[in-house]
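[1] Sequence and predicted model, in that order:
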Amino acid sequence: MTLMKTSNISKRITLRDIYLGYSYKFRDIESKTIPIPYFPKDQITQHTHSLTYKEWKKIIQIYLKHLVLYLLTTGFKFKIPSRLGILQLKKYKSKSTPDWGKTREVYGHTNVKPIMFKNTHTQGYKPIIKWYREGQNAKFKFKWYWRFNFTKKVWKTISTEIFSKLNTMNKLQQV
C-alpha cells in the first residue's frame with residue numbers, strides 16, 4: 001500500500017515512513033549496525049507495546065491482507081481509521097485493450113490491427129479501488145493532493161480471487 005502525491009514529483013509514503021510515526025519504536029541499543037528505518041536512540045521506548053520494524057510490518061501486512069479479503073468478499077465500504085476516508089472496491093466497464101502477446105503469436109511482428117482483450121470471464125468489467133475522502137468522514141488537509149494505490153502484489157491477489165470465483169465481480173457495485 002502506498003500513498004502518493006498527485007503532482008508530477010511524487011513522494012511515496014510507504015510502511016517505513018508510517019513506522020517512523022509509531023510511538024513505541026524499539027531496537028537493540030547494543031547493536032553495531034544502523035537500523036532500517038533509522039530513528040534516533042532517544043525515540044526508543046521500553047513500553048509493553050514496543051515493536052521492532054519487522055514485527056510492526058508483519059502486523060500491518062496481515063491487517064492489509066484481511067482488509068483486501070473483506071473488500072473482495074463483501075463489496076462494502078470500509079472506513080479507514082483516524083478519519084482518513086472510505087475505501088471501496090468497485091467495478092467498471094473497461095474499453096478493450098490490445099493483447100500484444102497474442103497479436104505477435106498469431107501475426108508475427110507485422111504492423112496489423114492488434115487482437116483485443118475481451119475480459120469475457122468478467123463480462124468486460126475490471127476492479128478499481130475508490131477512495132472517498134470528501135465529507136465529514138475524512139479530516140485532513142490537501143485532500144486533492146493525495147491518491148491511494150495498492151501494490152502490484154495486492155492487485156495480483158485481487159485478480160486471482162476474481163478469476164477463481166467469478167461471482168465475486170457480481171457482488172461489486174459499478175462505478
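    Yes, it's here.
[2] Spatially nearest residue to Leu67 (excluding sequence neighbours)?
    Phe78 (6.5 Å; C-beta to C-beta, 6 or more residues apart in numbering). All C-beta spots, glycine's among them, are computed from the backbone N, C-alpha and C.
[3] One more: Thr97?
    In this structure, Thr97 finds its nearest non-sequential neighbour in Phe117, 5.2 Å apart by C-beta to C-beta, 6+ apart.
[4] State the distance from that neighbour to Gly101.
    Distance of Phe117 to Gly101, computed by C-beta to C-beta, to the nearest Å: 10 Å.
[5] neighbour count winner among the two?
    Phe117 (15 against 10; other C-beta atoms under 10 Å).
[6] related to what we said a few turns ago, quick one: the residue nearest to Thr97 and Pro98 touch, right?
    Yes: contact between Phe117 and Pro98 holds when scored by C-beta atoms under 8 Å: they sit 7.5 Å apart.
[7] and Tyr53, what does it touch?
    Residues counted as contacts of Tyr53 (C-beta atoms under 8 Å, 6 or more residues apart in numbering) are 16, 19, 25, 27, 35-37.
[8] Who wins on neighbours among those residues?
    The residue in the contacts of Tyr53 with the most neighbours, by other C-beta under 10 Å, is Lys25 (21 neighbours).
[9] Check whether that one really touches Thr45, as I assumed.
    Yes: if you go by C-beta under 8 Å, Lys25 and Thr45 touch, sitting 6.8 Å apart.
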